[in-house]
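1. Below: sequence and its predicted model.
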Amino acid sequence: MVKVYIDGQEGTTGLKILERFEDRTDIELLRIDEDKRKDNDERKKLINSSDYTFLCLPDAAAKEAVAMADERVRIIDASTAHRTNPDWTYGFPELGKEFREKIAKSNRVAVPGCYASGFASMVYPLVKLGIMPSDYPVSVHAVSGYSGAGKKAIAQYEAADRPAELDSPRQYALTQQHKHVPEMQKICGLEYAPAFNPLVCDYFCGMVVSLPIHTRLLTKKYSVSDIQKALAEYYADSFFVKVLPEGEPQDGFIGANNLSGTNFMEIFVNGNDDRLIICSRLDNLGKGASGAAVQCLNIMMGIDEKTGLLL
């Protein structure tokens, strides 16, 4: 039985990881006393008593925790702190065999951001397969439930006296400095940062990340069928990532919360010969956070990656 500690277990991601551990008998959870959650000596003791430590913390605290850890402790970091660090493994196994193999062996794994997960699921294979040039002027749009903004935002959205503005979708990151943009660019091998337009909406969890494409700017002319087939073949062996058949959804609407509570991701390819729209749907708290973290743990442990994730 392996020992697991969650540093930041009271946050949204930490609590969701705990949910996925409820019926597991192959791990021993190490718990910190409530009054010692910010006691660095106690945190260090628990981190170094564990075989695996999850970091569900702000970036500065995550870096602090890593500095406390012995090299033998295998760390899975859900913060932004290490996603572009070359010494860390990017925790998205479906992106390729090399990602999965590195996760299995690594002692330092950075879990992708929720928006970045949807983005990379589309852009990474298009660039790798030579369909999208690395200098393509990428724009991406996304809608997400408010849970992705953390405890303060959740309380704001769920308050009885909240402002009417919260009834509508709200655009943010208007200065193009969203924290997920660096990993979007680096992981996908893009020469230029994408223009990113995220919106937070009045529902709890789930997201759709949308990638519009002008086919004239690709490496050659591709049809909807060409792109759908290429992505379907790329993810053919993936359990959690599925590419939907051409023409889906049949009613022409993609809801953002359909995969809430799961670790699944669905990719849709639609459009026409001139303009395509590729969409990636996932749960921002599942495949976009806690589910992805637990999936990485399972791969690192050498067990079925689905363990604890078929809720």
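-> Nice, thanks for sending it over. Numbers count the residues shown, from 1 in each chain.
2. Direction included, what does the helix or strand that contains Ile278 pair against?
-> Assessed by DSSP states H and E, Ile278 sits inside strand 275-282. Partners of strand 275-282 in the sheet, by DSSP bridges, are strand 207-214 (antiparallel), strand 265-271 (antiparallel).
3. residues in contact with it?
-> 114, 117-119, 121-122, 206-215, 222, 224, 227, 231, 254-256, 258-259, 264-271, 288 (Cβ atoms under 8 Å, 6 or more residues apart in numbering). (Glycine included, C-beta is placed from N, CA and C.)
4. The helix or strand containing Lys152: which residues count as buried?
-> Using DSSP H and E, the element containing Lys152 is helix 151-157. Residues Ile154, Tyr157 are the ones in helix 151-157 that count as buried (16 or more other Cβ atoms under 10 Å).
5. packing partners for the helix or strand hosting Val109?
-> Here Val109, judged by DSSP H and E, is contained in strand 108-110. Counting contacts by 3 or more Cβ pairs under 8 Å, 6 or more residues apart in numbering; DSSP states H and E, strand 108-110 is packed against strand 74-77, strand 89-90.
6. and the shortest one, how far from the chain's centre?
-> The reference is to strand 89-90. With Cα atoms, centre = their mean, to the nearest Å as the basis, strand 89-90 stands 12 Å off its chain's centre.
7. Indicate each strand paired with it and its parallel or antiparallel sense.
-> strand 108-110 (parallel).
8. what's the following helix or strand after the partner strand?
-> That would be, after strand 108-110 and using DSSP H and E, helix 114-128.
9. what angle do the helix or strand just after that following helix and strand 207-214 make?
-> Where DSSP H and E defines the elements, the next helix or strand beyond helix 114-128 is strand 139-145. Strand 139-145 and strand 207-214 are oriented at 160 degrees to each other (axes from the mean of the first three to the mean of the last three Cα atoms, to 10 degrees).
10. Tell me the helices and strands packed up against strand 139-145.
-> helix 114-128, strand 195-201, strand 207-214.
11. Give the pairing partners of that strand; include direction for each.
-> strand 195-201 (parallel), strand 207-214 (antiparallel).
12. Let me see the mean pLDDT of it.
-> Strand 139-145 carries an average pLDDT of 98.
13. For that strand, buried residues please.
-> By 16+ other Cβ under 10 Å, the buried positions in strand 139-145 come out as Val140, His141, Ala142, Val143, Ser144, Gly145.
14. Could you identify the most distant pair in those residues?
-> For the buried residues of strand 139-145, the maximum inter-member distance is 17.7 Å, found between Val140 and Gly145 (Cβ to Cβ).
15. sorry, back to before: which of the buried residues of strand 139-145 sits closest to Tyr157?
-> Nearest to Tyr157 among the buried residues of strand 139-145: Gly145, at 9.1 Å, using Cβ to Cβ.
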